[in-house]
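S.K.: got a predicted structure here, sequence first:
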Amino acid sequence: MNVDSRNLVIEADGLAKSFGEFRAVDGLHLEIQRGEVFGFLGHNGAGKTTTVRLLNGALEQTSGAVRVLGMDPQVDGPALRRRTGVLTENPSLEERLTGFENLRIFADLYGVPARTAEERVHELLHRFDLLEAGGQYVNTYSKGMKQRLALARALIHDPELLFLDEPTSGLDPVAARNVHELIEHMTASREHTVFLCTHNLTEAQLLCDRVAVLEHGRVLALGSPAELTHKYSAGAQLEMEISKESIGKAIEILEEIPQIHINQTADILLQITGAARTDIPGLIKILTRADVNLYRVQPVEPTLQDVYFALHRNNNMERPQ
């Protein structure tokens with residue numbers, strides 16, 4: 001995806017944040033365009049939440065520069081936060097109030113006109129299947145219901161930039177799919193932008209236009225899921241279905257090829273990694289000439305999970321002990 005500098009909603013240049021000796025965010029460079037679903041991937045403690053706080057002006061950076069929606073978060077924090085929505089991983093809700101009351105309070109705080117607010121509250125409760133529970137106290141809600149209410153709260157003022165931290169955590173598959181559809185709907189017109197913090201790599205691959213892989217506050221890789229899987233996947237991946245009588249012979253032959261790694265996933269299934277794409281026809285010839293009965297040879301497309309673990313492994317190998 002080509003980034004149009006005239007249409008940027010987030011610009012970070014060398015953004016860093018330290019807490020004493022600990023460097024939580026370390027020289028972050030980001031350019032995020034209006035209408036993107038941008039994935040921020042990393043393990044717990046990688047710096048995702050600290051970055052969101054910096055981008056919203058809730059924390060002051062130690063060094064570097066940042067602009068969000070054309071504003072400096074430190075100078076224009078209140079004005080910026082009126083145009084952004086944030087769903088934190090552990091949302092704080094007013095549990096002694098009802099779902100209706102939680103949303104009405106936030107509509108008022110964001111200055112949503114009363115008539116619009118009433119319509120918006122009902123629309124969001126309906127969208128997240130909470131309309132019947134809207135009059136109940138939040139302390140009676142399940143974890144999934146609270147997560148859905150928190151997401152509704154983040155959307156109450158129709159923000160143009162939405163920060164989502166693990167938005168489907170605790171949701172059942174149907175509710176998670178509803179969140180995915182919401183994100184796709186919001187960004188379809190390219191008027192809204194979603195900054196998605198997650199360690200759900202399948203979700204990121206499904207939803208994101210581009211992703212950044214974060215570790216120890218540093219971006220290890222940035223690009224579209226397709227670009228990253230092409231760049232960082234460790235050679236071709238194949239699944240071979242082989243007759244039970246031939247499986248031992250096949251393993252013996254493949255183990256003689258240095259770059260090949262074999263994982264037997266079932267009695268007659270082998271998963272092969274490490275071969276270049278151009279090596280595949282030769283591998284098949286070697287096996288068939290040795291009278292190995294191949295029932296099926298199927299390429300397995302690399303995923304963001306493969307990329308993530310490859311980057312994590314390489315970074316740990318390069319990091320001084």
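M.R.: Yep, that arrived.
S.K.: what is the neighbour count of the residue lying closest to Gly35 once chain neighbours are set aside?
M.R.: Nearest residue to Gly35, sequence neighbours excluded (CB to CB, 6 or more residues apart in numbering): Arg190, at 3.0 Å. For the C-beta atoms, the positions are set from N, CA and C on the backbone; glycine is no exception. Burial of Arg190 is recorded as 11 neighbouring residues (other CB atoms under 10 Å).
S.K.: residue ranges with poor pLDDT in the chain?
M.R.: 1-6, 233-236, 312-321 (pLDDT under 70).
S.K.: quick one: the helices in it?
M.R.: 48-55, 77-81, 99-109, 114-127, 143-154, 173-188, 201-207, 225-232, 247-255, 280-289, 304-318 (DSSP state H).
S.K.: of these, which stretch is the most buried?
M.R.: helix 48-55 (a mean of 24; mean count of other CB atoms under 10 Å).
S.K.: just the CA trace of it, in PDB.
M.R.: As requested, the backbone C-alpha atoms of helix 48-55 are provided in PDB (Å, rounded to 0.1, in the frame of the first residue of the first chain):
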ATOM      1  CA  LYS A  48       1.400  -1.400  22.300                       C
ATOM      2  CA  THR A  49      -0.600   0.200  25.100                       C
ATOM      3  CA  THR A  50       2.100   2.800  25.800                       C
ATOM      4  CA  THR A  51       2.100   3.800  22.100                       C
ATOM      5  CA  VAL A  52      -1.700   4.300  22.100                       C
ATOM      6  CA  ARG A  53      -1.400   6.500  25.200                       C
ATOM      7  CA  LEU A  54       1.300   8.600  23.500                       C
ATOM      8  CA  LEU A  55      -0.800   8.900  20.400                       C
END
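S.K.: and that helix, what other elements does it pack with?
M.R.: strand 8-19, strand 22-33, strand 63-68, strand 161-165, strand 193-198 (3 or more CB pairs under 8 Å, 6 or more residues apart in numbering; DSSP states H and E).
S.K.: most tightly surrounded among those?
M.R.: The stretch of those with the highest mean neighbour count (mean count of other CB under 10 Å) is strand 193-198, at a mean of 25.
S.K.: who's in contact with that one?
M.R.: Outside of strand 193-198, the residues within contact range by CB atoms under 8 Å, 6 or more residues apart in numbering are 9-10, 32-42, 48-49, 52, 55, 89, 160-167, 183, 186-187, 203-204, 207-208.
S.K.: again, but for stretch 213-228
M.R.: 1, 16-17, 23-30, 40-43, 46-48, 50-51, 204-205, 208-212, 231-232, 304, 307-308, 311-312, 315.
S.K.: buried stuff in it?
M.R.: For stretch 213-228, burial by neighbour count (16 or more other CB atoms under 10 Å) applies to 213-223, 225, 228.
S.K.: so which of these belong to strands?
M.R.: If you go by DSSP state E, these have Val213, Leu214, Glu215, Arg218, Val219, Leu220, Ala221, Leu222, Gly223 in strands.
S.K.: what residues of stretch 291-299 count as buried?
M.R.: Applying 16+ other CB under 10 Å to stretch 291-299 flags Val292, Asn293, Val297 as buried.
S.K.: name the nearest of these relative to Ala117.
M.R.: Among these, Val297 lies closest to Ala117 (CB to CB), at 59.2 Å.
S.K.: next, the contact list for the closest residue to the closest one other than its chain neighbours, please.
M.R.: Spatial nearest neighbour of Val297, excluding adjacent residues (CB to CB, 6+ apart): Met240 at 5.4 Å. Met240 makes contact with Ala250, Leu269, Leu270, Gln271, Ile272, Leu294, Arg296, Val297, Gln298 under the criterion CB under 8 Å, 6+ apart.
S.K.: check Ile284 too.
M.R.: Leu294, Val297.
S.K.: over to the one 3 residues further on?
M.R.: For Leu287, the contacting residues are Ala250, Ile253, Leu254, Leu294, by CB under 8 Å, 6+ apart.
S.K.: now do 10 Å
M.R.: Met240, Ile242, Ser246, Lys249, Ala250, Ile253, Leu254, Asn293, Leu294, Val297 (CB atoms under 10 Å, 6 or more residues apart in numbering).
S.K.: most widely separated two among those residues?
M.R.: Lys249 and Val297 (15.9 Å).
S.K.: Asp108 contacts Glu118, correct?
M.R.: No - taking contacts as CB atoms under 10 Å, Asp108 lies outside contact range of Glu118: 11.3 Å.
S.K.: that'll do, ta.
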